[in-house]
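**Q** heads up, no residue letters with this:
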């Protein structure tokens, strides 16, 4: 993520206090060296979404400028629209993401990802959360003004909900989407509280029909991935 449009990969980190820290790269992309860091502000004060900030950068309203979506401990998602530039993002106020006319509440520890899950050309949202499930919000409007009816769990092909297994209390799922095995289908990588990463491969014959609210069938992989270079590298793209 290039925060200030200088061509270098920077790093955004949400913390337990609800703040978002920015670490600018002051070297190069092959060997990043990050500065000490600063807390991103909105309206002249430090952004504070309560607890357990989980930020993601996306041009949410398609105006050509990077915006911020931040999940939190309460299970909601704050949207901060950029009123500045891509080189110098500036945020004023935020609003809470709505689904079906109500403020979205996923339960706790909402961690969003923006992705076109059903390949209809519209940005959707997938969310990790406290209990280890992954929720899907289908965009039913447009890319410049996304709208959602509801949040639904992703399920595996065997009918069970996709969930990060953990023997250490609540799993706290965090996800990343990629075509892991180059078969042309999107797989899901899910990390959890124990520091491991599970790979859920797309099942053959996955469909995208309106009657299938999951929009994807996934196989449960029995393999647990340790630190994966591919994932770490993606964090700096």
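**A** That came through fine. Small disclaimer: the values here were computed from a predicted structure and weren't measured.
**Q** Show the contacting residues for the residue lying closest to residue 85 once chain neighbours are set aside.
**A** Nearest residue to residue 85, sequence neighbours excluded (CB to CB, 6 or more residues apart in numbering): residue 65, at 6.7 Å. Heads up, the C-betas are built off the backbone N, CA and C, glycines and all. Residues counted as contacts of residue 65 (CB atoms under 8 Å, 6 or more residues apart in numbering) are 59, 82, 84, 85, 86, 89.
**Q** Closest one of those to residue 39?
**A** Comparing the contacts of residue 65 against residue 39 with CB to CB picks out residue 89 as the nearest, at 13.5 Å.
**Q** quick one on the thing from earlier: format the contacts of residue 65 as CSV; extra columns: neighbour count.
**A** As requested, the contacts of residue 65 are exported to CSV (neighbours: other CB atoms under 10 Å):
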residue, neighbour count
59, 17
82, 21
84, 12
85, 13
86, 14
89, 22
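**Q** now, among these, which is nearest to residue 100?
**A** Checking the contacts of residue 65 against residue 100 by CB to CB gives residue 59 as the nearest, at 24.2 Å.
**Q** could I get the contacts of residue 65 as CSV with pLDDT, distance to residue 178 and secondary structure?
**A** Rendered in CSV, the data for these read as follows (pLDDT from 0 to 100; distance: CB to CB, whole Å; DSSP: H, G, I helix; E, B strand; the rest coil):
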residue, pLDDT, distance to residue 178, secondary structure
59, 98, 20, coil
82, 98, 26, strand
84, 97, 31, coil
85, 98, 30, coil
86, 97, 25, coil
89, 98, 26, coil
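**Q** For residue 184, state which of these is nearest.
**A** Proximity of the contacts of residue 65 to residue 184 (CB to CB) peaks at residue 59, which lies at 25.9 Å.
**Q** I figured that closest one hits residue 66, correct?
**A** Yes - the pair formed by residue 59 and residue 66 meets the contact definition of CB atoms under 8 Å, at 6.0 Å.
**Q** list the contacts for the most centrally placed residue in the chain?
**A** Centroid check for the chain by CA atoms, centre = their mean gives residue 113 as the closest residue, at 2.0 Å. Under the criterion of CB under 8 Å, 6+ apart, the contact partners of residue 113 comprise 56, 125, 126, 127, 128, 175, 176, 177.
**Q** Could you tell me how many residues sit around the last one?
**A** Here the number of neighbours of residue 177 (other CB atoms under 10 Å) works out to 17.
**Q** Below-threshold pLDDT in the protein: ranges please.
**A** Applying pLDDT under 70 to the chain picks out residues 205-237.
**Q** mind redoing it with 80?
**A** Within the chain, the stretches falling below the threshold (pLDDT under 80) are 167-168, 204-237.
**Q** so residue 201 is in which element?
**A** Secondary-structure assignment from DSSP states H and E places residue 201 in strand 197-202.
**Q** er, residue 78 I mean
**A** Secondary structure assigned from DSSP H and E places residue 78 in strand 77-82.
**Q** Report all helices and strands that that strand contacts.
**A** Counting contacts by 3 or more CB pairs under 8 Å, 6 or more residues apart in numbering; DSSP states H and E, strand 77-82 is packed against strand 67-71, strand 91-96.
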